[in-house]
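Student: Predicted model follows, preceded by the sequence.
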Amino acid sequence: MERAMLGLSLLDRIPNVEIRNRTGITDIVQRAAALKWNWESHICRREDGRWSRVILDWQPRTGHRSIGRPPARWRDDIVKAVELDAANQQ
């Protein structure tokens with residue numbers, strides 16, 4: 001969509017970073033990640049036992065595992081990001 005706004009095609013071989021600089025539009029993936037981190041930090045500061053904090057720490061105990069890949073959880077994504085950040089700082 002941003003390429004269409006600027007009248008560019010893929011054949012022009014202009015990187016997405018340059019296009020974002022020209023349009024001034026925020027990358028939606030980065031914005032969603034930032035909002036997710038803000039929400040997570042807000043929830044982690046809570047100490048009153050509300051459902052949102054309980055849901056983040058909850059582990060299902062059904063007695064058996066389902067077939068296939070386990071469902072993605074918010075906590076898994078956050079732990080992965082923290083581990084990558086720690087590895088990059090070393």
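Tutor: Perfect, I can see it now.
Student: Between the two ends of stretch 1-21, how far is it?
Tutor: Counting by CA to CA, to the nearest Å, you get 14 Å between the two ends of stretch 1-21.
Student: outside of it, which residues touch it?
Tutor: Contact with stretch 1-21 is made by Arg22, Thr23, Ile25, Thr26, Asp27, as judged by CB atoms under 8 Å, 6 or more residues apart in numbering. The C-beta positions use only the backbone N, C-alpha and C, and glycine is treated the same way.
Student: if we go to 7 Å?
Tutor: Arg22, Thr23, Ile25, Asp27 (CB atoms under 7 Å, 6 or more residues apart in numbering).
Student: In what element of secondary structure is the residue nearest the centre of the chain found?
Tutor: For the chain, the residue sitting closest to the mean C-alpha position, by CA atoms, centre = their mean, is Ala33 at 3.6 Å. Using DSSP states H and E, Ala33 sits within helix 28-44.
Student: what does Thr26 give?
Tutor: Taking DSSP H and E as the definition, Thr26 sits outside all helices and strands.
Student: cool, and Glu18?
Tutor: helix 16-23.
Student: That helix: which residues count as buried?
Tutor: Judged by neighbour count using 16 or more other CB atoms under 10 Å, the buried positions of helix 16-23 are Ile19.
Student: lowest average confidence, helix or strand, in this protein?
Tutor: helix 51-57 (a mean of 69; mean pLDDT, DSSP states H and E).
Student: Would you mind checking the average pLDDT for whatever helix or strand comes next after that helix?
Tutor: Next along the chain after helix 51-57, taking DSSP H and E as the criterion, comes helix 74-89. The pLDDT scores in helix 74-89 average 80.
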